[in-house]
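Asks: what follows is a predicted protein model with its sequence.
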Amino acid sequence: MKEYKTERANIAQIKESLSAYVTMAEQGKTVVVCRRNKPVAELVPVETALQPNRTRLGSARDSVVVTCDLTAPAMDEEEWGTLR
């Protein structure tokens, strides 16, 4: 797990310099947001180096065999009355 540096700031400080704190988060620091010196939230860096989506359209083609008529009714007309 990645270790982050931590910075603390009160809400008033965040309001004054939000872009500076966002820059800190971009640089890998976690900013703990405090209200009256009590932690209430965290501004954390977003992990952008996620693995790319490797799904390929058509990769499972011909791997499923349909053995029935998918357009046929699921049950006979007489059985519909029992569903009421």
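Replies: The structure has been received and is ready for your questions. Numbering: from 1, shown residues only.
Asks: okay, helices next: where are they in the protein?
Replies: According to DSSP state H, the chain carries its helices in the segments 11-16, 18-26.
Asks: out of the ones you listed, flag the one nearest residue 64.
Replies: Residue 64 lies closest to helix 18-26 among these, at 45.1 Å (Cβ to Cβ). (Glycine included, C-beta is placed from N, CA and C.)
Asks: can you give the contact residues for that closest one?
Replies: With contacts defined as Cβ atoms under 8 Å, 6 or more residues apart in numbering, helix 18-26 is touched by 7, 9, 13, 14, 31, 43, 44, 45, 46.
Asks: looking at the helices of the chain, which is closest to residue 62?
Replies: Of all the helices of the chain, helix 18-26 sits nearest to residue 62, with 46.2 Å by Cβ to Cβ.
Asks: now the closest one: how far from the chain's centre is it?
Replies: Remark: helix 18-26 is offset 22 Å from the chain centroid, using Cα atoms, centre = their mean, to the nearest Å.
Asks: mind listing what's buried in it?
Replies: For helix 18-26, the buried set under the neighbour-count rule, 16 or more other Cβ atoms under 10 Å, comprises 21, 24, 25.
Asks: what pLDDT, on average, does it get?
Replies: Mean pLDDT, helix 18-26: 93.
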